[in-house]
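> when you get a sec, could you give me coordinates for this:
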Amino acid sequence: MGKLLAALAALSAALAFTGPATGQTATAPKAAFQPNRTVTIVVPYSPGGGTDAVGRLMAKALEELWGQTVIVDNRTGGNGSIGSTIVARAPPDGHTLVLAVSGIAINAHVMKLPYDTATAFAPITPMAHSVVTLVGSPTLPANDLKELVEVIRKEGPDKRTFASPDPGSRLIAERIFDKAGVKLTNIPYKGAAQFIGDIAASRVDVGVSSVTSALSLIRSGNLKALGILSERRLGILPSVTTFKEQGILGLEENSWYGLFAPAGTPPAVVEAIHADIVRVLASPAVLAKLTDFGALPGGMPPAEFSKRFQRELVESGQQIRRLGMTVE
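Numbers count the residues shown, from 1 in each chain. This next block holds a predicted model:
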């Protein structure tokens with residue numbers, strides 16, 4: 001991540017070059033992708049959430065770069081599968097894209113889908129990385145995961161509860177608890193707002209959330225941030241430690257807000273869109289906004305992102321079978 005940030009900073013400086021004689025900004029190179037009509041980024045989740053915020057930020061920046069309208073189309077339902085289906089069936093020309101989260105890999109194992117997740121999409125890049133935090137109720141007798149582990153070991157397994165509004169959140173939570181060597185009882189929810197509210201009201205002990213979604217409640221003291229999945233701390237929550245700092249290893253990899261095109265999109269188009277996203281991410285204004293959201297910049301090359309996506313498909317399937325989760 002440090003190398004990526006350095007590369008983005010260098011690109012930002014290059015794009016902002018001013019000539020010594022006139023002081024005018026140098027002519028910026030043309031966009032790599034040249035859309036000939038409106039580009040639609042389908043966000044398969046409700047407006048106002050982290051995915052929607054990242055999608056709208058990037059859509060605005062890409063619209064300025066491409067000189068074409070870029071719209072965000074919120075198509076909710078089916079745990080993200082309704083919007084993903086629209087893109088899986090769209091013409092593979094780069095004009096219809098989906099901004100999904102890591103849960104798209106999980107849906108393949110817990111839902112009956114009208115597409116094959118492994119082959120229906122052309123991964124482009126993570127637009128940004130979502131930093132996940134384990135949040136606890138304000139009355140929880142622990143201030144980080146390490147202290148929670150001590151509480152559970154004294155009380156015994158399954159005495160404490162964790163909320164999960166979707167299979168993806170449950171798998172992340174279970175992964176955290178596996179690495180920490182403790183067991184909690186899962187309380188399933190159908191909506192993100194309700195589960196966060198119930199943790200804040202101490203009806204449930206803990207749950208996982210993106211920093212973006214939980215930030216205001218953490219800052220107000222209505223939620224405790226017990227640690228984050230990240231290689232390093234966040235500037236907006238400098239006192240919240242990473243799990244690695246707490247001595248719990250294997251929880252450094254961030255989740256992602258990933259951009260996908262339909263399968264069959266020409267590799268040159270995929271590469272061009274990726275290049276333009278990397279260029280947009282070099283903007284100090286965009287980087288500042290992502291920081292405000294509690295997110296980190298993306299920009300992983302398509303081939304690398306595709307490998308990670310396929311790996312996560314396999315790993316999520318293995319974890320789902322181990323937990324005995326069933327297909328809806």
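> how does this structure divide into domains?
For the chain, automatic domain parsing gives the domain ranges 2-130+255-323, 132-229.
> tell me which of those lies nearest to residue 240.
Residue 240 sits nearest to domain 132-229 of all the domains of the chain, at 4.4 Å, using CB to CB. Using the backbone N, CA and C atoms, a C-beta is placed for each residue, glycine as well.
> between the two ends of that closest one, how far is it?
5 Å (CA to CA, to the nearest Å).
> kindly report the same for stretch 116-126.
Length of stretch 116-126, first residue to last, CA to CA: 20 Å.
> ok, residues contacting that stretch?
Identification of contacts with stretch 116-126 by CB atoms under 8 Å, 6 or more residues apart in numbering yields 84, 87-88, 92, 97-98, 104-105, 107-108, 256-265, 270, 273-274, 277-278, 298-302, 305-306, 309-310, 313.
> please name whichever of the domains of the chain is nearest to residue 242.
Across the domains of the chain, closest to residue 242 is domain 132-229 (CB to CB), at 5.6 Å.
> got a list of what the closest residue in space to residue 271 that isn't next to it in sequence touches?
Sequence neighbours aside, residue 302 is the residue nearest to residue 271 in space, at 6.5 Å (criterion: CB to CB, 6 or more residues apart in numbering). Residues near residue 302 by CB under 8 Å, 6+ apart: 122-125, 267, 270-271, 274.
> count of residues packed around residue 51?
27 (other CB atoms under 10 Å).
> I figured it hits residue 45, correct?
Yes - at 4.9 Å, residue 51 and residue 45 qualify as touching, with contact defined as CB atoms under 8 Å.
> count of residues packed around the closest residue to residue 141 other than its chain neighbours?
Leaving out its chain neighbours, the residue that sits closest to residue 141 by CB to CB, 6+ apart is residue 151, at 5.8 Å. Counted with other CB under 10 Å, residues neighbouring residue 151 total 15.
> how about residue 326?
With other CB under 10 Å as criterion, residue 326 counts 8.
> show me what secondary structure element comes after the helix or strand that contains the residue nearest to residue 141.
Secondary structure assignment for residue 151, by DSSP states H and E: helix 145-155. Where DSSP H and E defines the elements, the next helix or strand beyond helix 145-155 is strand 161-164.
> and the strands in the stretch 1-150 of the chain, which stretches?
Assigned by DSSP state E, counting those that start in this stretch, the stretch 1-150 of the chain shows strands spanning 39-43, 70-74, 96-101, 121-130, 132-136.
> what lines up beside the longest one in the sheet?
The partner list of strand 121-130 in its sheet, established with DSSP bridges, is strand 255-262 (antiparallel), strand 295-297 (antiparallel).
> mind checking how far the last one is from the chain centre?
It refers to strand 295-297. 9 Å (CA atoms, centre = their mean, to the nearest Å).
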